[in-house]
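Q: Give me the fold of what follows.
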Amino acid sequence: GLGNAFLSHIAATDAIFHICRTYEETSDGDAATHVEDSVDPVRDLEIIAKELIDKDIAAVKKVREPLAKEVSRDGKAKDKKDKLAATDKILECLEGGKDVRFGEWNNKEIDVINEYNLLTAKPALYLINMSEKDFLRKKNKFLPKVPAAYEPGLQFRKPGLRFEQHRSGTQLRLLPPQHA
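A: As a prediction, this is how the structure comes out:
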């Protein structure tokens, strides 16, 4: 698990970068270790996605209960009724296993989502960490599986990239397309 402390740090960000490892051995030729004993970026993304959704469900349930009590005490408060309806719709989305950012929302619901600062409402960028060899071949057995598994219709964009050699090893630099 990611742990509550780590998840609270993510809550303070404006976006989430998911870095998926797709290499099975290090540049030295040693087997790359993994907490799950094997490299599987699809599984790794699914674990992270579930933890983010679970954290958002807990956060929404925490605010829903007192809000529902307020609405039951004062049934004429339209703004609170609307907020409760939006909260229930958000919870339904999350309990359906869907990130909030992929839901269909009206302006009032978006205001509620923004107020809750949900992890799955944040924009996300997926970065693929692969070996230099696979990058140069433009081939890796996990590449076709990652976008198809996590987000239907997701496609990789190929911005200007190049490898640079540094004392610490090979690093990937992102450059404007005209410089790649």
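Q: contacts and neighbour counts: CA atoms only from here.
A: Will do.
Q: Let me know the helix or strand that residue 127 is in.
A: Residue 127 is located in strand 124-129, with elements delineated by DSSP states H and E.
Q: and if you look at residue 36?
A: Residue 36 is part of no helix or strand, with elements assigned from DSSP H and E.
Q: same check, this time on residue 55
A: Here residue 55 is assigned to helix 41-73, by DSSP H and E.
Q: What residues of stretch 77-89 count as buried?
A: Using 16 or more other C-alpha atoms under 10 Å as the test for burial, stretch 77-89 gives 80-81, 83-84, 86-89.
Q: Just name the shakiest helix or strand of this protein by mean pLDDT.
A: strand 160-166 (a mean of 41; mean pLDDT, DSSP states H and E).
Q: If we ignore the residues flanking it in sequence, what's nearest the residue positioned nearest the centre of the chain?
A: Central residue of the chain (C-alpha atoms, centre = their mean): residue 124, 5.2 Å from the mean position. Spatial nearest neighbour of residue 124, chain neighbours left out: residue 16 (4.7 Å); criterion: C-alpha to C-alpha, 6 or more residues apart in numbering.
Q: Pull the number of nearby residues for the one you found.
A: 16 (other C-alpha atoms under 10 Å).
Q: just residue 98 next, same as before
A: When neighbours are counted by other C-alpha under 10 Å, residue 98 registers 18.
Q: so how far is residue 22 from it?
A: Look at residue 98 and residue 22: by C-alpha to C-alpha, to the nearest Å, they are 24 Å apart.
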